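Student: kindly return the folded structure for what I paste below:
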Amino acid sequence: MISHEHYNRIARVLPILQRADPQLVREFQQAAFFARIPTGKDVFVEGDRTDAIALLISGVVRVYKIGETGREITLYRFGFGESCILTANAILSQQSFPAIATVEQEAEAVMIPADTFRDWVHRYDLWRGFVFDLLSQRLTSIMTIVDEVAFRRVDTRVALFLLNRSRIQNPIRITHQEIAAELGSSREVISRIIEGFANEGLIRPARGMVEILDFDSLQTRSVM
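Tutor: Just a heads-up that it's a prediction; the model follows:
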């Protein structure tokens, strides 16, 4: 059950609640519960039964797959005011969770039990619209990943990845293995590409770090 204090905070993060009718608000306060999830905790792993869905009010969760060879690929992340479409889909289809969801930054979440979530989708147009909007937004991002993996060269994807990360920090604190996990490649392939970029003077790699030296040339490589 959600206290009045927690509900007011949650409503500021989830605008849908500001438009909800009194009945949905009452049911939300009665059915939902608050959870803190530490960094490194697996919310779900592949094959888990999805008994609740998390709506984040702080923190970041990474959703990814691990292939038969042990390679990882990041599908998406969700954070402030967002939720996990694979969880929503698993609940609605009553199937097991098809990936791994791990907390990257300590998270606070509102948990909605699966039966309640399904019931609200059937009974409330507002909630159903919220879920469908969530699904459509994430589907677009996943299709972008499929397009990149299937049709773009790995060195182009590495260049674009480094440029995007450099907007947050430069030097970028990341290992070759972490880049490989993000892009669904192997550490060996990533290391060769990083070495090639370094030989061209585009970047300066160090242990656990990559510094971009030539943004313009790296930008050119990202669209080749």
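
Student: in this protein, which spans are helices?
Tutor: Ranges of helices in the chain, per DSSP state H, are 4-13, 22-31, 85-93, 114-123, 125-151, 154-166, 176-183, 187-199, 215-221.

Student: state the mean pLDDT of the last one.
Tutor: It stands for helix 215-221. For helix 215-221, mean pLDDT rounds to 90.

Student: what's next to that helix, contact-wise?
Tutor: When contacts are defined by CB atoms under 8 Å, 6 or more residues apart in numbering, helix 215-221 is touched by residues 155, 156, 159, 162, 163, 166, 197, 200, 201, 202, 203, 212. C-beta: built from backbone N, CA, C; applies to glycine.

Student: residue 72: which of those residues is nearest?
Tutor: residue 162 (18.1 Å; CB to CB).

Student: pLDDT for the contacts of helix 215-221 - can I get that in TSV?
Tutor: Shown next, in TSV, are the contacts of helix 215-221 (pLDDT from 0 to 100):
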residue	pLDDT
155	91
156	90
159	93
162	93
163	92
166	90
197	92
200	92
201	93
202	93
203	91
212	92
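
Student: residue contacts, the residue sitting nearest the centre point of the chain?
Tutor: Ranked by distance to the mean C-alpha position of the chain (CA atoms, centre = their mean), the top residue is residue 77 at 1.1 Å. Residue 77 is in contact with 60, 61, 62, 63, 104, counting by CB under 8 Å, 6+ apart.

Student: let's see that with 6 Å instead.
Tutor: Contacts of residue 77 were listed using CB atoms under 6 Å, 6 or more residues apart in numbering, and they are 60, 62.

Student: beta partners of it?
Tutor: With DSSP bridges as the criterion, residue 77 is bridged to residue 62.

Student: over to residue 100?
Tutor: Under the criterion used (DSSP bridges), residue 100 bridges to residue 64.

Student: burial count for residue 82?
Tutor: Applying other CB atoms under 10 Å, we find 20 residues neighbouring residue 82.

Student: quick one, phi/psi of it?
Tutor: phi -120, psi 170 (degrees, to the nearest 10).

Student: so what pLDDT did it get?
Tutor: Listed pLDDT for residue 82 reads 88.

Student: roughly how far apart are it and residue 202?
Tutor: Residue 82 is 33 Å from residue 202, where distance means CB to CB, to the nearest Å.

Student: ok, the closest residue to residue 41 other than its chain neighbours - contacts?
Tutor: Spatially, and ignoring its direct neighbours in sequence, residue 41 is nearest to residue 103 (4.9 Å; CB to CB, 6 or more residues apart in numbering). By CB under 6 Å, 6+ apart, the residues touching residue 103 are 37, 39, 41, 61.

Student: ChimeraX command to pick out the buried ones of those residues?
Tutor: Per 16 or more other CB atoms under 10 Å, the buried members of the contacts of residue 103 correspond to this ChimeraX selection:
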select :37,61
